[in-house]
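[1] Sequence first, then the predicted structure:
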Amino acid sequence: MRRRPPLDTGHAVDIRQDDPKAPHVADLLAHHLEELRSVMGEHAQALDASGLSASSVTFWTAWQDGVLAGFGALKQLDETHGEVKSMRAAPTARRTGVGRAILDHIVAEARKRGYARLSLETGTAPLHGPAISLYRSVGFVPCAPFADYQASLHNQFMSLDLSR
């Protein structure tokens, strides 16, 4: 059995509300979209900078030691239901706790807003394995498609009950 290296907990993660159209986001967002499209084709549901700029979406960046380490967003679907959108850790920040910090921030914000449920759509390719493990570790469970999503072989849906 192969062991993974321990998480680097020596670097604090600073989460900031940000502009997805900002120049410092462009390269990582382009990488995110290209990678998803390379494995999911037209089934990739990730939002570009314009989609992440919608009034229903709040976008955050994560920083470690002054370097962009990732991003994530929360979309309001209705008064009690939110959606995790476009979570991404930079390749150099994987396994450093950035993804967990972003997800914890999004979950905390969803609770603060009074959402009863937080949902997400993600892929089924091996590339998505670490993200799926992260989502499960905080209590997300499989669910039916929500909002305007359609089920396919390329996606899966998860939700977290925040009403407890």
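    Perfect, I can see it now. Bear in mind that the values here come from a model prediction, so they are computed numbers and not experimental data. Numbers count the residues shown, from 1 in each chain.
[2] Which residue comes closest to the residue nearest the centre of the chain once chain neighbours are left out?
    A centroid search over the chain (Cα atoms, centre = their mean) returns residue 87, at 2.2 Å, as the residue closest to the centre. The shortest distance from residue 87 to any non-neighbouring residue, by Cβ to Cβ, 6 or more residues apart in numbering, is to residue 72 (4.2 Å). Placement of C-beta: from N, CA and C, glycine included.
[3] Double-check the one you found against residue 52; I have them as touching.
    No. In this structure, residue 72 is not within contact of residue 52 by Cβ atoms under 8 Å, at 9.9 Å.
[4] Between those two, which contacts overlap?
    Overlap of the contact sets of residue 72 and residue 52 (by Cβ atoms under 8 Å, 6 or more residues apart in numbering) consists of 59, 85-86.
[5] which intervals of the chain have sub-threshold pLDDT?
    Low-confidence regions of the chain, defined by pLDDT under 70, span residues 1-11, 40-41, 43-44.
[6] Go through it and flag its longest helix.
    In the chain, assigned by DSSP state H, the helix with the most residues is helix 23-40.
[7] Point out the other helices and strands that the helix or strand following it packs with.
    With elements assigned by DSSP states H and E, the helix or strand that comes after helix 23-40 is helix 49-52. Applying 3 or more Cβ pairs under 8 Å, 6 or more residues apart in numbering; DSSP states H and E, one finds that helix 49-52 contacts helix 23-40.
[8] The helix it packs on: which residues count as buried?
    25, 28-29, 32-33, 35-36, 40 (16 or more other Cβ atoms under 10 Å).
[9] and if you look at stretch 97-117?
    97-99, 101-103, 105-107, 109-110, 115, 117.
[10] got the CA positions of it in CSV?
    Taking Å, rounded to 0.1, in the frame of the first residue of the first chain, the C-alpha atoms of stretch 97-117 are listed here in CSV:
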residue,chain,number,x,y,z
GLY,A,97,-5.1,21.7,3.0
VAL,A,98,-6.2,24.4,0.6
GLY,A,99,-9.2,22.4,-0.8
ARG,A,100,-10.4,21.7,2.8
ALA,A,101,-10.0,25.3,3.8
ILE,A,102,-12.0,26.5,0.8
LEU,A,103,-14.7,23.9,1.3
ASP,A,104,-14.9,24.6,5.1
HIS,A,105,-15.3,28.3,4.2
ILE,A,106,-18.1,27.6,1.7
VAL,A,107,-19.9,25.4,4.2
ALA,A,108,-19.6,28.0,6.9
GLU,A,109,-21.0,30.7,4.6
ALA,A,110,-23.9,28.5,3.6
ARG,A,111,-24.7,27.9,7.3
LYS,A,112,-24.4,31.6,8.0
ARG,A,113,-26.9,32.3,5.1
GLY,A,114,-29.3,29.9,6.7
TYR,A,115,-29.3,27.3,3.8
ALA,A,116,-30.8,24.0,4.7
ARG,A,117,-28.9,22.2,1.9
